[in-house]
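*Asks:* need a structure here:
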Amino acid sequence: MSPTGSRLGVILSLALWGMNAMAADPVIYPFAPELPKSDAYQVTVGGKEAFVHKTEVTDFASFAIRGATVVEIRCAGPVKRVVVCPLARGIVPQVDGRTLRFPIDKPGPLSVEINGKIRGTLLLFADPVETEALRLDAPGMHYFEGGRIHEAGEIVLRDGETLYLGPGAVVRGTVKADNAKNIRILGPGILDGRMRTRKATFMR
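*Replies:* As a prediction, the model looks like this:
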């Protein structure tokens with residue numbers, strides 16, 4: 001590596017360290033430990049470990065950030081090349097063996113493509129921190145508590161009703177809202193339609 005490259009690496013390392021020290025505290029969602037966990041990636045956000053879901057298609061992690069922070073990803077295999085999309089974000093990771101780090105300064109979904117492989121891409125869903133105060137016991141509120149797996153089946157929403165998926169909730173089921181008006185589906189939890197036993201529209 002050239003002296004210029006060495007200096008650049010030191011500067012980037014110091015910048016990442018400084019961001020970690022000053023980062024706004026991220027919100028790590030408390031997913032149930034019995035969910036399938038990735039064996040390919042470990043993710044920390046602002047120094048806190050985030051749960052990485054393993055799925056048939058690709059692995060993903062979700063969390064919320066209040067401001068600029070640093071994401072660190074430890075990979076099961078060696079990392080030779082990394083592309084973080086969307087490219088418009090201008091994110092250039094620092095790679096050290098099987099570990100990569102990069103700063104993020106705002107919420108938004110990211111795709112981390114390692115060694116040119118599209119299948120097996122790691123998806124990161126960096127949400128904004130929730131600010132709306134909801135009455136979870138209000139009439140017409142369908143509330144699913146965070147940190148749990150819910151076998152919900154078909155969820156029926158009627159006029160003016162709200163479905164709220166708590167942080168870390170995994171809700172297995174479908175949503176039906178025939179001709180319903182003024183409905184809302186909110187919250188950072190996961191609505192999982194893969195477990196349905198018959199062919200049906202996931203949400204209608």
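*Asks:* And the helices in this protein?
*Replies:* With DSSP state H as the criterion, the chain has helices at 3-22.
*Asks:* which regions of it sit below the pLDDT cut-off?
*Replies:* 1-24, 195-204 (pLDDT under 70).
*Asks:* 50 - rerun?
*Replies:* Residues of the chain meeting the criterion pLDDT under 50: 1-14, 16-17, 19-22.
*Asks:* Look up which residues are beta-bridged to the most centrally placed residue in it.
*Replies:* Nearest to the geometric centre of the chain sits Ser62, at 1.6 Å (C-alpha atoms, centre = their mean). With DSSP bridges as the criterion, Ser62 is bridged to Phe125.
*Asks:* so how far is His150 from it?
*Replies:* 17 Å (C-beta to C-beta, to the nearest Å). Where C-beta positions appear, they are placed from N, C-alpha and C, glycine not excepted.
*Asks:* Contacts only, for the residue nearest to the centre of the chain.
*Replies:* By C-beta atoms under 8 Å, 6 or more residues apart in numbering, the contact list for Ser62 reads 29, 50, 124-127, 188, 190.
*Asks:* From Asp127, how far out is it?
*Replies:* Distance, Ser62 to Asp127, using C-beta to C-beta: 7 Å.
*Asks:* Quickly list what's touching both of those two.
*Replies:* Pro188.
*Asks:* got the buried residues for stretch 169-184?
*Replies:* For stretch 169-184, the buried set under the neighbour-count rule, 16 or more other C-beta atoms under 10 Å, comprises 169-175, 177, 183.
*Asks:* Which of those residues fall in strands?
*Replies:* Counting by DSSP state E, these place 170-175 in strands.
*Asks:* closest to Thr55 among those?
*Replies:* Val170 (11.7 Å; C-beta to C-beta).
*Asks:* my read: that closest one touches Asp192, true?
*Replies:* Yes - contact criterion C-beta atoms under 8 Å: Val170 and Asp192 qualify, at 5.7 Å.
*Asks:* so who does the residue lying closest to Gly173 once chain neighbours are set aside touch?
*Replies:* Residue nearest to Gly173 in three dimensions, not counting chain neighbours: Ala152, with 3.5 Å by C-beta to C-beta, 6 or more residues apart in numbering. Applying C-beta under 8 Å, 6+ apart, we find Ala152 in contact with 144, 171-173.
*Asks:* Thanks again, I'm all set now.
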